[in-house]
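[1] Dropping the sequence and predicted coords here.
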Amino acid sequence: MKAMATAPFLWGGERLQLLAQRAVWDPQRRVLLLADLHLGKAESFQAQGIPLPSDGDGSTLNALLALADAWEPEQVVVLGDLIHSRLGLTGELRAKLAALPELLGCPLRLIGGNHERGSWIAGLAQEPSQALGPWWLSHEPEPRTGRLNLCGHLHPVALLGGQGDRLRLSCFSYCPRSERLALPAFGALTGGMPLPRHERQWLLADGAVLAA
């Protein structure tokens, strides 16, 4: 494997950069794409009587702000599940979301995910799946002929090692059969799911992208 801070992804004569910080950079359109922040997850669990530390949102939002500062995007697009549920939409979280565009220095857009259903966030409409240049942006996988589907929802991870010392690493996962690139979950409190072996993966570890 070759370790890099970013890894190029070429498709149809277009280039994306896979970032070690669990996001994708589109240099031509200057768009930063990420998915599955699941903000308010701890509060959602607490509302159901399940104790979970309330420190995940801060690290997730700080990571997003650091990315925006580094890449200076013209827009940030979240591919669904910005929040975990309406139970976690506290007044504090609503205030943070309202301040995000100004802090990012650019518009924030949201492709609606399954965890946003039934929720309303002031100033942030849930947009449908849509095209962006050669890409098809969606939350759940939605293959489109002639386009590369960029999606979230799957939370891909790679399993390394044997049964006794197995390691789980977040990854980008590309399915050549359906022309779908699944982004890793961006949120600090998210789990993951191994995807089929025929998919090409880029593993994320220690601030690097490991091209398998």
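    That came through, no problem. Numbers count the residues shown, from 1 in each chain.
[2] Which residue ranges of the chain form helices?
    Remark: helices assigned in the chain by DSSP state H are 41-47, 56-71, 91-104.
[3] What residues sit buried inside the longest one?
    Going back to what we said before, that points to helix 56-71. Buried residues in helix 56-71, counted by 16 or more other Cβ atoms under 10 Å: 56, 57, 60, 61, 63, 64, 67, 68, 71. For glycine as for every other residue, the C-beta is placed from the backbone atoms N, C-alpha and C.
[4] which residue sits closest to the most centrally placed residue in the chain, ignoring its sequence neighbours?
    Residue closest to the mean C-alpha point of the chain, counted by Cα atoms, centre = their mean, is residue 35 at 2.2 Å. Excluding its sequence neighbours, the residue lying closest to residue 35 (Cβ to Cβ, 6 or more residues apart in numbering) is residue 152, at 2.6 Å.
[5] still on that earlier bit, so which of the buried residues of helix 56-71 comes closest to residue 105?
    Distance to residue 105 across those (Cβ to Cβ) is lowest for residue 68, with 6.3 Å.
[6] Nearest residue to that closest one in space, please, no chain neighbours.
    Per Cβ to Cβ, 6+ apart, closest to residue 68 is residue 104, 4.5 Å.
[7] what residue ranges in the chain are flagged as low confidence?
    Applying pLDDT under 70 to the chain flags residues 1-4, 41-56, 84-88, 115, 161-165, 189.
[8] cutoff 50 now
    Scanning the chain for pLDDT under 50 picks out 1, 45-47, 50.
[9] Return the member of the buried residues of helix 56-71 nearest to residue 134.
    Ranked by distance to residue 134 (Cβ to Cβ), those are led by residue 71 at 19.9 Å.
[10] surely that closest one meets residue 25?
    Yes: the pair residue 71 and residue 25 passes the contact test of Cβ atoms under 8 Å, sitting 5.8 Å apart.
[11] Find residues that contact each of these two.
    By Cβ atoms under 8 Å, 6 or more residues apart in numbering, residue 71 and residue 25 have these common neighbours: residue 32.
[12] hmm, back to that, put together JSON lines for the helices of the chain, with distance to residue 30 on each row.
    Listed next are the helices of the chain as JSON lines, based on distance: least, Cβ to Cβ, whole Å:
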{"stretch": "helix 41-47", "distance to residue 30": "30"}
{"stretch": "helix 56-71", "distance to residue 30": "8"}
{"stretch": "helix 91-104", "distance to residue 30": "13"}
